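> Turn this into a structure:
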Amino acid sequence: MELKTAFQLLATDERFIQDTREIIVNKLFHQETNEFFNIVPGIKGGQQVAAMKGFEYVTTKSAGCGGAGISPDFPAFSQFWNPQLQEVKLNYCYDDFMGQFTQWALANGHDIKNLGETELAMFIQDLVVEAMKLDLLRIVLLGDEDMDAQDILTDEATYLKYYTTISKGLIPTLQYLATLPEFADQFIDLPQNDAVTQAAQYTFAAEDGLNIYEEVLDQYDFDGDILLSSNRLFKNYQKWVKRANGYGLQSNVDLTMKGTGDLMIDGQMLKPIVNYDRWKAKDFLVGGAVHLPHFALHTRKEFLQVGVDSEAALTDLRFEYIGGADETFWIKGNYMLDFKHVNPYALKAAL
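You can find the predicted model right below:
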């Protein structure tokens with residue numbers, strides 16, 4: 001797409017260039033969805049996902065001919081993929097869009113007189129695709145098609161349409177599983193979530209994070225390989241680690257001075273989802289309290305499956321420029337999406 005020559009005239013205004021170079025894009029902390037979830041391309045609607053819990057006590061002493069047999073139960077849980085079409089449809093006045101593009105280009109050190117399609121593609125990648133990736137993680141975590149009946153959003157009129165695009169993401173799935181008797185003993189009540197004020201919800205004792213993680217890891221029914229956590233809970237445990245063992249050993253002194261970014265507990269690597277806390281505090285604050293501000297989940301990453309139609313769906317965007325009186329620039333994209341914890345027998349969580 002040709003760039004309008006009028007923007008090249010901006011290069012003659014040194015004051016404008018100086019001001020525009022001071023513009024900095026304040027990117028949100030970005031974590032890729034595949035850091036926490038297993039991306040599964042090519043899912044089909046109605047395709048069944050079943051999990052069966054192993055059983056034992058099947059061996060008895062032989063009673064000879066005519067001995068009685070046994071019929072053990074097969075504890076199984078069945079789900080079906082139900083991918084929903086996700087749509088991205090952005091439109092701008094052409095002049096407004098190109099103005100933003102120009103400012104981005106100058107802020108990133110590009111020469112305004114040499115802007116072309118390569119730089120335009122970088123601009124789209126830098127802002128739109130990154131926003132789509134951030135949305136993907138938010139939807140996979142918090143999406144719930146039944147959210148409109150729950151009264152948990154700060155502003156339903158504004159935000160509801162951004163959360164009802166799939167059947168159930170991770171947290172709503174965990175909430176549902178916790179209501180089923182066969183999984184009830186796999187869930188731990190997190191006291192801060194039940195507090196009636198945001199201040200109380202964000203108040204932790206020194207060892208709260210440690211105690212919660214230890215309780216979530218205290219199980220013998222499966223071998224997990226990932227421990228996901230909200231960020232404030234992780235920060236509480238991080239502070240405890242820095243202070244727990246005193247400063248007598250040089251290694252402890254070094255750890256305290258350098259900080260603790262990558263943390264483990266009982267040999268299990270902790271994975272804080274940084275934006276979870278921000279989304280919850282901004283979009284789920286009702287009546288002075290946040291809906292489920294904290295969580296911890298121990299499971300296997302292979303069981304946290306994000307189903308998409310194509311691995312390239314997030315970068316498969318279409319661009320349209322409508323000339324004439326409209327002068328509108330469109331960015332369009334869509335992809336199929338669903339989430340399933342395919343083996344709910346292999347999890348333990350605090351909510």
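> For the residue of the chain most remote from its centre, give me the backbone phi and psi.
Farthest-out residue of the chain from its mean C-alpha position, per C-alpha atoms, centre = their mean: Cys65, at 58.6 Å. Note on Cys65: its backbone torsions stand at phi -60, psi 140 [degrees, to the nearest 10].
> do you know how far it is from Trp330?
78 Å (C-beta to C-beta, to the nearest Å). Every residue, glycine included, has its C-beta placed from N, CA and C.
> what does Asn343 give?
Relative to Trp330, and taking C-beta to C-beta, Asn343 is found at 41 Å.
> Then Gln268?
Counting by C-beta to C-beta - Gln268 and Trp330 are separated by 46 Å.
> And for Gln31?
29 Å.
> Which of those two has more residues huddled nearby?
Neighbour count, other C-beta atoms under 10 Å: between Gln31 and Trp330, Gln31 has more, with 17 against 14.
> from what I can see that one touches Val274, true?
Yes: Gln31 is within contact range of Val274, at 6.2 Å (criterion: C-beta atoms under 8 Å).
> any idea how far Leu285 is from Leu153?
With C-beta to C-beta as the criterion, Leu285 and Leu153 are 9 Å apart.
> no wait, Lys332
In terms of C-beta to C-beta, Lys332 sits 27 Å off from Leu153.
> Neighbour count for the two, which is higher?
Leu153 (19 against 13).
> and the residue nearest to Arg138 when sequence neighbours are not counted, which of the three is it?
Once flanking residues are discounted, Arg138 sits nearest to Trp279: 5.7 Å by C-beta to C-beta, 6 or more residues apart in numbering. The local conformation at Trp279, judged by DSSP: H, G, I helix; E, B strand; the rest coil, is helix.
> how many neighbours does Trp279 have?
17.
> again, but for the one 5 residues further on
When neighbours are defined as other C-beta under 10 Å, Phe284 has 19 of them.
> Show residues contacting stretch 301-314.
Stretch 301-314 is contacted from outside by 33-34, 36-43, 49, 81, 83, 129, 132-133, 136, 140, 170, 225-226, 316, 333-343, 346-347, using C-beta atoms under 8 Å, 6 or more residues apart in numbering.
> Please indicate which of the residues you listed are buried?
Neighbour counting by 16 or more other C-beta atoms under 10 Å classes 33, 36-37, 40, 43, 49, 81, 83, 129, 132-133, 136, 140, 170, 226, 333, 335-343, 346-347 among these as buried.
> quick one: the strands in the stretch 251-351 of the chain?
264-265, 268-273, 285-286, 289-290, 296-299, 304-308, 318-322, 328-341, 347-350 (DSSP state E, counting those that start in this stretch).
> Now do the strands in the stretch 51-200 of the chain.
Going by DSSP E, counting those that start in this stretch, the stretch 51-200 of the chain shows strands at 76-80, 84-93, 187-188.
> got CSV for those, with distance to Ala157, mean pLDDT and mean neighbour count too?
CSV is the format used below for these (distance: least, C-beta to C-beta, whole Å; pLDDT from 0 to 100; neighbours: other C-beta atoms under 10 Å):
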stretch, distance to Ala157, mean pLDDT, mean neighbour count
strand 76-80, 32, 79, 14
strand 84-93, 19, 82, 14
strand 187-188, 32, 95, 17
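> JSON lines please, covering those strands and showing distance to Arg232.
Below are these laid out as JSON lines (distance: least, C-beta to C-beta, whole Å):
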{"stretch": "strand 76-80", "distance to Arg232": "31"}
{"stretch": "strand 84-93", "distance to Arg232": "29"}
{"stretch": "strand 187-188", "distance to Arg232": "17"}
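> between these, which gets nearest to Glu207?
Nearest of those to Glu207, taken as C-beta to C-beta: strand 187-188 at 15.4 Å.
> other SSEs contacting the closest one?
helix 170-178, helix 208-217, strand 347-350 (3 or more C-beta pairs under 8 Å, 6 or more residues apart in numbering; DSSP states H and E).
> Turn those into CSV, including distance to Thr102.
Shown next, in CSV, are the helices and strands packed on strand 187-188 (distance: least, C-beta to C-beta, whole Å):
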stretch, distance to Thr102
helix 170-178, 40
helix 208-217, 46
strand 347-350, 48
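> so which of those is the most packed in?
For the helices and strands packed on strand 187-188, ranked by mean neighbour count under the definition mean count of other C-beta atoms under 10 Å, the leader is strand 347-350 at a mean of 23.
> can you give me how far it is from the chain middle?
Strand 347-350 has its C-alpha centroid displaced from the chain centroid by 17 Å (C-alpha atoms, centre = their mean, to the nearest Å).
> Over to stretch 138-148?
Worked out by C-alpha atoms, centre = their mean, stretch 138-148 lies 11 Å from the chain centre.
> Show me what counts as buried in that stretch.
Neighbour counts using 16+ other C-beta under 10 Å place Arg138, Ile139, Val140, Leu141, Leu142, Gly143, Asp144, Met147 of stretch 138-148 among the buried residues.
> Can I get stretch 210-217 as CSV, trimmed to CA atoms?
The C-alpha coordinates for stretch 210-217 follow below in CSV (Å, rounded to 0.1, in the frame of the first residue of the first chain):
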residue,chain,number,x,y,z
LEU,A,210,4.8,-21.0,50.9
ASN,A,211,1.9,-22.6,52.7
ILE,A,212,-0.4,-22.5,49.7
TYR,A,213,2.2,-23.9,47.3
GLU,A,214,3.1,-26.7,49.7
GLU,A,215,-0.5,-27.6,50.1
VAL,A,216,-1.1,-27.6,46.3
LEU,A,217,1.9,-29.8,45.8
